[in-house]
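K.L.:
Quick one, structure for this:
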Amino acid sequence: MNIELLYIKDCPNFRKARRLIHDTVGSLGIKISLRKIEIESEDDSKKYSFPGSPTIRINGEDVEPETASATALTCRIYNNGTGLPDREILKCKIAKAAGIKTILFICTGNAVRSQIAEAVVNHFLKDRWVAFSAGIMPMEVNKDVIKVMQEIGIDISKNRSKHIDIFKNCSFDRIITLCSDADRLCLTYPVYDEKDRIVFHDPISAGFGFGQLSLLRKLRDEIKKSLIKHLENI
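P.N.:
The predicted structure is shown next:
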């Protein structure tokens, strides 16, 4: 796998992009050779079809091709409104290029079920899968979900809720929807090879307050048991 980082001198996001690449690669447990290319002139910009700094290419493909239409000796703005691509998109594309199997879990809010599913797979099946999660109406990751995951040694305190659209230009080996609303309301999915539906009841959306931690522990254990059994057979 070849990763290129193209930049202009004094780019304020160059070092951040380099760190983002190394951190992402490290989280996947792989090694890469990063080629850094400084764009010094308009001729260089045309030669490398340079859309702005920093630009990251994996095996020759731009990590975000839809914002790479013009060539310019300037800073680049990505879909997320910043000068860096989304970490999750970069992770997905590097994993695919490295030949690691990828899976996307989808539920309504990406606050409970899909967060648990993503964390469980990345912790217990990390030698076989890289998991991601998204929702169709994203809400803040539930604090009690963070607590019950910490109880089994998994820290998701830095996780964020994501809309499924951020993955629109990614591809996955498998997508699993975790609730009926996701199947009913999600009109477009990222590219995928296989799609499953495994429904789990969300006690928070049902409005339970008393005994919520106990219900979330039960949900956590059900998701863990079901997904490990399901994915180990694939």
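
K.L.:
Tell me the spacing between the residue lying farthest from the centre of the chain and Thr71.
P.N.:
Distance from the C-alpha centroid of the chain, by Cα atoms, centre = their mean, peaks at Asp43 (34.9 Å). Taking Cβ to Cβ, to the nearest Å as the measure, Asp43 falls 11 Å from Thr71. C-betas here are computed from N, CA, C, even on glycine.

K.L.:
With Ala119 instead?
P.N.:
In terms of Cβ to Cβ, Ala119 sits 41 Å off from Thr71.

K.L.:
Of the two, which one has the most company?
P.N.:
Neighbours were counted for Ala119 and for Thr71 using other Cβ atoms under 10 Å; Ala119 has more, 24 against 17.

K.L.:
give the contact list for the more buried one.
P.N.:
Ala131, Met149, Ile154, Ile156, Asn159 (Cβ atoms under 8 Å, 6 or more residues apart in numbering).

K.L.:
so the residue nearest to the spatial centre of the chain is in which element?
P.N.:
In the chain, the residue lying closest to the centroid (Cα atoms, centre = their mean) is Glu88, at 3.0 Å. Using DSSP states H and E, Glu88 sits in helix 87-97.

K.L.:
got a list of contacts for that helix?
P.N.:
1, 3, 20-21, 24-25, 27-28, 30, 32, 56, 58-59, 61, 63-64, 102, 130, 132, 162, 166-167, 169-172.

K.L.:
Make a ChimeraX selection of whichever of these turn out to be buried.
P.N.:
Buried members of the contacts of helix 87-97 can be picked out in ChimeraX with the line below, counting by 16 or more other Cβ atoms under 10 Å:
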select :3,20,21,24,25,32,56,58,63,64,102,130,132,162,166,167,169,170,172
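
K.L.:
Neighbours of Asn233, how many?
P.N.:
So Asn233, with other Cβ under 10 Å, has 6 neighbours.

K.L.:
roughly how far apart are it and Glu118?
P.N.:
Separation of Asn233 from Glu118 (Cβ to Cβ) stands at 19 Å.

K.L.:
coming back round to it: list the buried residues in the helix holding Glu88.
P.N.:
For helix 87-97, burial by neighbour count (16+ other Cβ under 10 Å) applies to Glu88, Ile89, Leu90, Lys91, Cys92, Lys93, Ile94, Ala95, Lys96, Ala97.

K.L.:
Report the mean per-residue pLDDT for that helix.
P.N.:
Computed over helix 87-97, the mean pLDDT rounds to 96.

K.L.:
Next: stretch 42-61.
P.N.:
The average pLDDT within stretch 42-61 is 96.

K.L.:
Over to stretch 153-167?
P.N.:
Averaged over stretch 153-167, pLDDT sits at 96.

K.L.:
end to end, how far does it reach?
P.N.:
Stretch 153-167 has an end-to-end distance of 28 Å (Cα to Cα, to the nearest Å).

K.L.:
In which helix or strand does Leu5 reside?
P.N.:
strand 2-7.
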